[in-house]
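[1] model this:
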Amino acid sequence: MEEEIRKAIEVLRRGGTLLYPTDTIWGVGCDATNETAVEKILQLKKRNNPDHEMPKSFIVLVSDIGMLNRFIKEVPAAAWNLIEVSDSPLTIIYEGARGIAKNVLATNGSLGVRIVKDLFCERLIHKFGKPIVSTSANLSGQAAPQHFYDIADEIKQGVEYVVNWRQDDTTPQKASSIIKIKTNGEFQIIRK
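    Numbers count the residues shown, from 1 in each chain. As a prediction, this is how the structure comes out:
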């Protein structure tokens, strides 16, 4: 695992893209603070479609609470409660992101963030020291792959590095739950 983390960090530091196992499904990722790297993912996933009114924002992964606090201006108390009691992967959409590439954010400046509970991801992100984009390893509009072998060759060949970790894992996976929380504590369930 350590060798794969080292190789992935080299790619992230030079603005590259990864195909990697997350705490949910396989994801395509990059340095969430690097606008040029994020643009590569938009191109790979074919998300810069002029027919869309606005591109969807990306989810970013952080390693711990300290990193969350560095990139979100104000984490509402309700979010802390949800993080504490959640026993499955939970992405929370926060208002007021900071220090993140503009093309990661929603048009209103909000950002979906998940504190990972997966050893590989946690160590990768902690050692890298910055959030990593996590978007499903599929082309825009296609179903998210459940396992590594479901990922289209176009995605596998379109990233700069494919992490060689858990590729044979066939454990059923699903995307995280998503909840949007406003600074006043109001929340909305986006995906169960």
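[2] need the residue closest to the centroid of the chain.
    residue 134 (2.1 Å; Cα atoms, centre = their mean).
[3] what helix or strand is that residue located in?
    Assigned by DSSP states H and E, residue 134 belongs to strand 132-136.
[4] what packs against the helix or strand where residue 3 lies?
    Assessed by DSSP H and E, residue 3 sits inside helix 2-13. Judged by 3 or more Cβ pairs under 8 Å, 6 or more residues apart in numbering; DSSP states H and E, the packing partners of helix 2-13 are strand 18-21, helix 119-128, strand 161-162. Every C-beta, even on glycine, is put in place using the N, C-alpha and C of the backbone.
[5] one step back: now the residue nearest to the centre of the chain: closest residue in space, sequence neighbours ignored.
    In this structure, residue 134 finds its nearest non-sequential neighbour in residue 27, 4.3 Å apart by Cβ to Cβ, 6 or more residues apart in numbering.
[6] about what we covered before: Throw the helices and strands packed on helix 2-13 into CSV and include mean pLDDT, thanks.
    Formatted as CSV, those follow (pLDDT from 0 to 100):
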stretch, mean pLDDT
strand 18-21, 96
helix 119-128, 96
strand 161-162, 97
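[7] and the ones you listed, which is most packed in?
    Compared across the helices and strands packed on helix 2-13, strand 18-21 shows the largest average neighbour count, a mean of 24 (mean count of other Cβ atoms under 10 Å).
[8] what element comes up after that one heading to the C-terminus?
    Sequence-wise, the next helix or strand downstream of strand 18-21 (DSSP H and E) is strand 26-29.
[9] in this structure, which spans are helices?
    2-13, 35-45, 65-71, 77-85, 119-128, 153-158 (DSSP state H).
[10] what's the closest of those to residue 106?
    Of all the helices of the chain, helix 35-45 sits nearest to residue 106, with 13.4 Å by Cβ to Cβ.
[11] from the contact counts, what lies against the closest one?
    Applying 3+ Cβ pairs under 8 Å, 6+ apart, we find helix 35-45 packed against strand 26-29, strand 132-136.
[12] pick the most buried one from those.
    Greatest average neighbour count among these goes to strand 26-29 (a mean of 28), per mean count of other Cβ under 10 Å.
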